[in-house]
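>>> 3D model of this:
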Amino acid sequence: MISTKGRYALRFMIDLAEQEQGRYVPLKDISARQEISKKYLEIIARDLVAGGLVTGASGKGGGYRLCRPPEAYTVYEILIQMEGTLSPVACLADGAAPCPRVAGCKTLPLWTGYDRLTRDYFSGVRLSDLVEKRR
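Numbers count the residues shown, from 1 in each chain. All right, here's what the predicted structure looks like:
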C-alpha cells in the first residue's frame with residue numbers, strides 16, 4: 001500500500017510542475033492549494049530534496065522547484081524516494097537478503113509478476129502525464 005507520504009509527495013510534485021518552471025514556489029502556497037499541512041509538507045520536501053528530485057531555497061523569493069522538466073520524472077522514482085520500496089513482499093525489495101525458502105517457494109512467481117507489473121506501470125507514468133490529466 002502506498003502511504004499518505006507517497007500520495008502527498010505526488011501532489012507536491014504535480015503542484016510544482018504546474019507552476020512557472022525555474023521559479024521557486026513557497027511551501028505555504030503549495031500547502032494552501034493542496035490542503036496539506038505545512039509541517040507535513042516540510043518533511044516531504046526534505047525527503048524530495050535529499051533524493052535530488054527538487055531543490056529548495058530559503059529567504060525572500062525562496063521555496064521549492066523541480067530539478068528537471070516534468071516529463072523527466074517517473075511516478076516510480078517519486079514513490080520509491082518516499083516509500084523506500086513498493087515490493088509486495090520483503091524478499092523482492094532492493095537490497096533484501098536472500099530468502100532461504102526461494103528454491104521451494106510456490107508463491108514467488110506470483111509476487112515477482114506483481115512486483116514487475118507495479119514497477120512497469122509506475123515507471124511508464126511521467127509527472128507530466130499527471131499534470132496534463134488535471135488540466
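
>>> show me what contacts the residue nearest the centre of the chain?
Residue closest to the average C-alpha location in the chain (CA atoms, centre = their mean): I78, at 2.1 Å. For I78, the contacting residues are G6, A9, L10, M13, L48, L53, L127, taking CB atoms under 8 Å, 6 or more residues apart in numbering as the criterion. Glycine gets a C-beta too; all of them are placed from N, C-alpha and C.

>>> and with 10 Å instead?
Neighbouring residues of I78 by CB atoms under 10 Å, 6 or more residues apart in numbering: 6, 9-10, 12-14, 48, 51, 53, 122, 125, 127, 130.

>>> Mind checking which of those are in strands?
Counting by DSSP state E, none of the members of the contacts of I78 fall within strands.

>>> Which single one of those residues is nearest to Q34?
Distances from Q34 to those, taken as CB to CB, are shortest for F12 (7.0 Å).

>>> I'd say that closest one and Y64 touch.
Yes - using CB atoms under 10 Å, F12 and Y64 qualify as a contacting pair, with a distance of 8.0 Å.

>>> Common neighbours of those two, please.
Taking CB under 10 Å, 6+ apart as the contact criterion, the common neighbours of F12 and Y64 are V25, L27, I30, L41, I44, A45, L48, L53, V54.

>>> JSON lines please, covering those and showing distance to C105 and neighbour count.
Compiled in JSON lines, those are given as follows (distance: CB to CB, whole Å; neighbours: other CB atoms under 10 Å):
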{"residue": "V25", "distance to C105": "47", "neighbour count": "20"}
{"residue": "L27", "distance to C105": "45", "neighbour count": "20"}
{"residue": "I30", "distance to C105": "44", "neighbour count": "21"}
{"residue": "L41", "distance to C105": "41", "neighbour count": "22"}
{"residue": "I44", "distance to C105": "36", "neighbour count": "25"}
{"residue": "A45", "distance to C105": "40", "neighbour count": "21"}
{"residue": "L48", "distance to C105": "36", "neighbour count": "24"}
{"residue": "L53", "distance to C105": "35", "neighbour count": "23"}
{"residue": "V54", "distance to C105": "39", "neighbour count": "25"}
